[in-house]
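**Q** next one to model:
(one chain, ligands or ions: 2)
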Amino acid sequence: MASIQIQNLHVEVNGNEILKGFNLTMKQGEIHALMGPNGTGKSTLSYAIMGHPRYKVTGGDILLDGESILDLSTDQRANRGLFLAFQYPVSISGVTLANFLRVAVNSKLKASDPDSKGMSLVAFRKAMKAKMDFLGMDYSFAGRYLNEGFSGGEKKRAEILQLAMLEPKFGILDETDSGLDIDAVRVVSEGVNSLVGDNLGVLVITHYQRMLNFLKPDFVHIMYQGRIVETGQAELALKLEESGYDWIREVYGESGNGNG
Ligand code: ADP
Ligand code: MG
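**A** Ligands and ions are numbered 1, 2, ... in the order given. Predicted coordinates:
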């Protein structure tokens with residue numbers, strides 16, 4: 001079973017240390033929710049896992065199945081089974097969601113087998129229809145131009161469909177969009193719940209406690225000032241719902257008594 005281990009990760013952005021000893025281990029088949037107040041480094045973590053050049057790893061390691069991925073390009077990381085599409089490609093007029101997904105699926109097939117001709121149009125359409133049926137999505141959605149006039153919920157739907165088609169080992173969904181409405185939150189949560197089987201692990205990054213009303217995470221982590229400070233299950237999210245992040249600041253804040 002595949003695993004991803006983030007070990008004592010330190011990451012700098014523009015010379016500022018943002019991640020300060022971040023640790024997390026995930027296995028396929030697990031849903032992890034990563035929560036925390038704004039500015040704690042949740043998105044920085046996603047960028048660092050993706051290999052964005054602006055986010056410099058200055059210490060620690062990221063291991064996929066025991067092997068460091070730090071020297072790999074973003075493409076190579078994707079080809080090893082990491083799904084990191086939390087950002088949307090610029091919408092190109094005339095490129096439908098279906099076109100886009102077919103290119104993505106075929107380039108992944110070619111990466112694992114240089115002789116692969118990719119999926120035929122017919123085979124692809126059939127596979128996509130099956131996934132869309134499974135996810136309860138209207139097939140006409142695939143004919144829409146990518147991201148052109150997509151609502152928050154539709155963008156999330158496209159993201160979940162991408163996750164379903166690419167079948168990565170691990171998906172990282174960074175809910176950076178503060179404009180996510182309840183529909184989008186539900187789309188992500190239900191999509192993740194239904195896709196996670198034995199072969200997919202998902203890290204859902206969110207600062208919405210209400211996300212946990214739909215998502216069924218195996219673990220809930222609270223991140224604060226560049227590292228995980230608490231790990232629990234759903235009860236941790238309930239505690240956040242009742243008390244917010246103030247207790248975290250008190251315990252782990254600079255002037256608090258926390259051990260860091
Ligand atoms: P979160 O996703 O938890 O809200 P971020 O990872 O976006 O937190 O940001 C953490 C800190 O890193 C913030 O202080 C933010 O200003 C800084 N930061 C993140 N990305 C950049 C960037 N590209 N340039 C400058 N500062 C950044
Ligand atoms: Mg963020």
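
**Q** got the end-to-end distance for stretch 195-207?
**A** Start-to-end span of stretch 195-207 (C-alpha to C-alpha, to the nearest Å) is 22 Å.

**Q** cool, and stretch 7-25?
**A** In stretch 7-25, first residue to last residue: 8 Å (C-alpha to C-alpha).

**Q** which residues touch that stretch?
**A** 3-6, 32, 34, 41, 44-45, 48, 54-63, 203, 221, 223, 225-228, 260 (C-beta atoms under 8 Å, 6 or more residues apart in numbering). C-beta here means a position set from N, CA and C on the backbone, and glycine is covered the same way.

**Q** so Q225 is in contact with Y252, correct?
**A** Yes - using C-beta atoms under 8 Å, Q225 is in contact with Y252, at 6.9 Å.

**Q** can you pull out the strands in the stretch 51-200 of the chain?
**A** 55-64, 67-68, 82-83, 170-174 (DSSP state E, counting those that start in this stretch).

**Q** compare those strands and give me the one nearest V122.
**A** Using C-beta to C-beta as the measure, strand 82-83 is the one of these that comes nearest V122, at 25.2 Å.

**Q** so which elements touch the closest one?
**A** Contact partners of strand 82-83 among helices and strands, from 3 or more C-beta pairs under 8 Å, 6 or more residues apart in numbering; DSSP states H and E: helix 152-166, strand 170-174.

**Q** just give the nearest non-adjacent residue to V187, would you?
**A** Using C-beta to C-beta, 6 or more residues apart in numbering and skipping residues adjacent in sequence, the residue nearest V187 is K156, 4.6 Å away.

**Q** ugh, wrong one, I meant G171
**A** Closest to G171 by C-beta to C-beta, 6+ apart is F83, at 4.1 Å.

**Q** that neighbour: how many residues sit nearby?
**A** Look at F83: counted by other C-beta atoms under 10 Å, it has 21 neighbours.

**Q** quick one: it and M165 touch, right?
**A** No - with contact defined as C-beta under 8 Å, F83 does not reach M165; the gap is 10.1 Å.
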